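>>> Predicted model and sequence follow; I will ask about them next.
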Amino acid sequence: MAALSMTGAASAGCYNCYAPPPCQTCYQQQYVAPQYRTVDETVMVSPGATVAHRTPAQYRTVMVPQTVMVAPPGVQYERIPPQYATRQRVEMVSPGYSYYAPVQMGCASCGY
């Protein structure tokens, strides 16, 4: 019985396809490619930092035997902000898949 349905499908011009018995409809496997998209994302290139700049004390000689402090030592802090950049990455939106679709057959014996 299976040989008859395959023979019938083959004689109806259906090659390289699958015809499940007892149906004479021919199905071919169709492929749908995976779908991708490009996404922009912000990434940190360099983290922020705080840098301490130390200033030494300032001294002056006011008289020959005496030196006095004019300004005390100090610290100034400089904040360096983080640096960011935009990069692109590709992500899959839907994976590829396959399915069976009926094939329109040209059949001389049945008139289609």
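Noted; the coordinates are in hand. Please read these numbers as outputs of a predicted model, since none were measured by experiment. Numbers count the residues shown, from 1 in each chain.
>>> after the helix or strand of the chain with the lowest mean pLDDT comes which helix or strand?
Least confident element among the helices and strands of the chain, by mean pLDDT, DSSP states H and E: helix 2-11 (a mean of 43). Going down the chain from helix 2-11, the next helix or strand is strand 26-32, by DSSP states H and E.
>>> elements contacting the following helix or strand past that following strand?
Later in the chain than strand 26-32, the nearest helix or strand by DSSP H and E is strand 35-46. With contacts taken as 3 or more CB pairs under 8 Å, 6 or more residues apart in numbering; DSSP states H and E, strand 35-46 sits against strand 83-94. For the C-beta atoms, the positions are set from N, CA and C on the backbone; glycine is no exception.
>>> Run through the protein and note the low-pLDDT ranges.
Low-confidence regions of the chain, defined here as pLDDT under 70, cover residues 1-24, 105-112.
>>> Try it again at 80.
In the prediction, the chain carries residues with pLDDT under 80 at positions 1-25, 62-65, 104-112.
>>> May I see the domains of it written out as residue ranges?
Listed domain ranges for the chain are 1-33+96-112, 35-95 (source: automatic domain parsing).
>>> now these in JSON lines, with mean neighbour count?
Supplementary listing: those in JSON lines, determined by neighbours: other CB atoms under 10 Å:
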{"stretch": "domain 1-33+96-112", "mean neighbour count": "13"}
{"stretch": "domain 35-95", "mean neighbour count": "9"}
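>>> Was I right to think Q35 contacts S94?
Yes: Q35 lies in contact with S94 (CB atoms under 8 Å); the separation is 4.6 Å.
>>> shared neighbours, those two?
Taking CB atoms under 8 Å, 6 or more residues apart in numbering as the criterion, Q35 and S94 do not both touch any residue.
>>> Give me the contact list for stretch 79-95.
Stretch 79-95 has contacts (CB under 8 Å, 6+ apart) with 34-51.
>>> contacting residues around the nearest residue to Q76 once chain neighbours are set aside?
Leaving out its chain neighbours, the residue that sits closest to Q76 by CB to CB, 6 or more residues apart in numbering is H53, at 4.8 Å. With contacts defined as CB under 8 Å, 6+ apart, H53 is in contact with V75, Q76, Y77, E78.
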